[in-house]
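Visitor: Provided below are the primary sequence and the corresponding predicted coordinates.
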Amino acid sequence: MVKMIRKQIHIEVRGLNEAEWIRQAFDHRIGGAGVPFVPDTAAWEEARAFMLELCSSESAARESRQWRREDLYEERIGRYSRHRG
């Protein structure tokens, strides 16, 4: 499974915004590697079928989450503040 990490960066490039600069860097790196992107249509169809099944399942419609985002933040802040003090 691929793990995704979210990072925020600040780049000063005249004439380009940060997102466009990053896109160009990735395009250059991927294009320079000589490995073209080939979509895996079988994998996409399998994933799409799975997502549609989740959306249409009765249990998903009946169940709702039992937590609030604020509760998670409070728990996390409490956990880290104990270790610092």
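Guide: Looks like it came in fine.
Visitor: so where's this protein shaky on pLDDT?
Guide: 1, 11-13, 30-36, 58-63, 81-85 (pLDDT under 70).
Visitor: from Leu54, how far off is the residue nearest the centre of it?
Guide: Ranked by distance to the mean C-alpha position of the chain (C-alpha atoms, centre = their mean), the top residue is Met4 at 5.6 Å. For Met4, the distance to Leu54 (C-beta to C-beta, to the nearest Å) stands at 20 Å. Heads up, the C-betas are built off the backbone N, CA and C, glycines and all.
Visitor: returning to that earlier point: SS state for the residue nearest to the centre of the chain?
Guide: Secondary structure, DSSP: H, G, I helix; E, B strand; the rest coil: Met4 is coil.
Visitor: same deal with Ile22?
Guide: Assignment for Ile22 (three-state DSSP): helix.
Visitor: how far does whatever helix or strand Glu45 lives in sit from the chain's center?
Guide: Counting by DSSP states H and E, the element that carries Glu45 is helix 41-56. Centroid displacement of helix 41-56 relative to its chain, using C-alpha atoms, centre = their mean, to the nearest Å, is 18 Å.
Visitor: same thing with stretch 3-16?
Guide: Counting by C-alpha atoms, centre = their mean, stretch 3-16 is centred 15 Å from the centre of its parent chain.
Visitor: and stretch 37-52, what's buried?
Guide: By neighbour count with 16 or more other C-beta atoms under 10 Å, stretch 37-52 contains no buried residues.
Visitor: can I get that stretch in PDB, CA atoms only?
Guide: Listed next in PDB are the C-alpha coordinates belonging to stretch 37-52 (Å, rounded to 0.1, in the frame of the first residue of the first chain):
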ATOM      1  CA  PHE A  37       2.800   6.300 -17.600                       C
ATOM      2  CA  VAL A  38       0.700   3.400 -18.500                       C
ATOM      3  CA  PRO A  39      -2.700   3.300 -16.800                       C
ATOM      4  CA  ASP A  40      -3.800  -0.100 -15.400                       C
ATOM      5  CA  THR A  41      -7.400  -0.200 -16.500                       C
ATOM      6  CA  ALA A  42      -8.000  -3.600 -14.800                       C
ATOM      7  CA  ALA A  43      -6.900  -2.200 -11.500                       C
ATOM      8  CA  TRP A  44      -9.000   0.900 -12.000                       C
ATOM      9  CA  GLU A  45     -12.100  -1.100 -12.800                       C
ATOM     10  CA  GLU A  46     -11.500  -3.300  -9.700                       C
ATOM     11  CA  ALA A  47     -11.100  -0.200  -7.500                       C
ATOM     12  CA  ARG A  48     -14.100   1.500  -9.100                       C
ATOM     13  CA  ALA A  49     -16.300  -1.600  -8.500                       C
ATOM     14  CA  PHE A  50     -15.200  -1.700  -4.900                       C
ATOM     15  CA  MET A  51     -16.000   1.900  -4.300                       C
ATOM     16  CA  LEU A  52     -19.400   1.600  -5.900                       C
END
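Visitor: perfect, I'm done here.
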